[in-house]
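S.K.: My questions concern the predicted model and sequence given below.
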Amino acid sequence: MKNSLSLALFLLLVLGGGLVIGYVMTPGEWYVGLVKPVFTPPAWVFPPAWTLLYILIAIAGWRLWRGLRGSLLMKLWGVQLALNFLWSPTFFGAHLMAAGLAVILALLVTILAIMALAWRRERVVALLFLPYALWVAFASLLNGSLLVLN
């Protein structure tokens, strides 16, 4: 029961936080008016992709919290979540594409650091973060391209 409750709390924090930020920080007219690279996905891709990623992030955080509470990995997990939640207000809210790129690149580095550090001790966490790393790498390319084109 204790594990189920803690997992539910991680899901609530990550998925709930991500959905709230996504709801409040919609792309809006500013984003619609930007010149976009040809590889920009359709808008409908983002909600299901982020929902799945937030579930994986929550499970990874829960696994770290259960076994490595207080560790560098757990602290880095918190840093990545803060950076993740900071990107939308920076990019969509403040319209700061260069600052958004800095945030998302810091996020990518943090994700990769978590994966590298977790590989030996908590391989499941590293594997849970693989789709996240790939998506954030793609999103970094998209953010950078938007900056260059606009």
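M.R.: Perfect, thanks for sending it.
S.K.: Which residues are in contact with residue 47?
M.R.: Residue 47 makes contacts with residue 22, as judged by CB atoms under 8 Å, 6 or more residues apart in numbering. For glycine as for every other residue, the C-beta is placed from the backbone atoms N, C-alpha and C.
S.K.: list the helices and strands whichever strand or helix holds residue 118 packs on?
M.R.: Assigned by DSSP states H and E, residue 118 falls within helix 97-121. In terms of contact count using 3 or more CB pairs under 8 Å, 6 or more residues apart in numbering; DSSP states H and E, helix 97-121 is assigned the packing partners helix 46-68, helix 72-88, helix 123-149.
S.K.: pLDDT averaged over that helix, what's the number?
M.R.: Averaged over helix 97-121, pLDDT sits at 97.
S.K.: Now do the buried residues in it.
M.R.: Within helix 97-121, the residues that qualify as buried by neighbour count (16 or more other CB atoms under 10 Å) are 97, 100-101, 103-105, 107-108, 110-111, 114-115, 117-118.
S.K.: Turn the residues you listed into CSV, including distance to residue 57.
M.R.: Converted to CSV, those look like this (distance: CB to CB, whole Å):
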residue, distance to residue 57
97, 24
100, 19
101, 21
103, 16
104, 15
105, 18
107, 11
108, 14
110, 12
111, 9
114, 10
115, 12
117, 16
118, 13
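S.K.: picking up where we left off before, name the residues that touch the helix holding residue 118?
M.R.: With CB under 8 Å, 6+ apart, helix 97-121 has contacts from 60, 64, 68, 72-73, 76-77, 79-80, 83-84, 86-87, 90-91, 125-126, 129-130, 132-133, 136-137, 139-140, 143-144, 146-147, 150.
S.K.: Cool, thanks, talk later.
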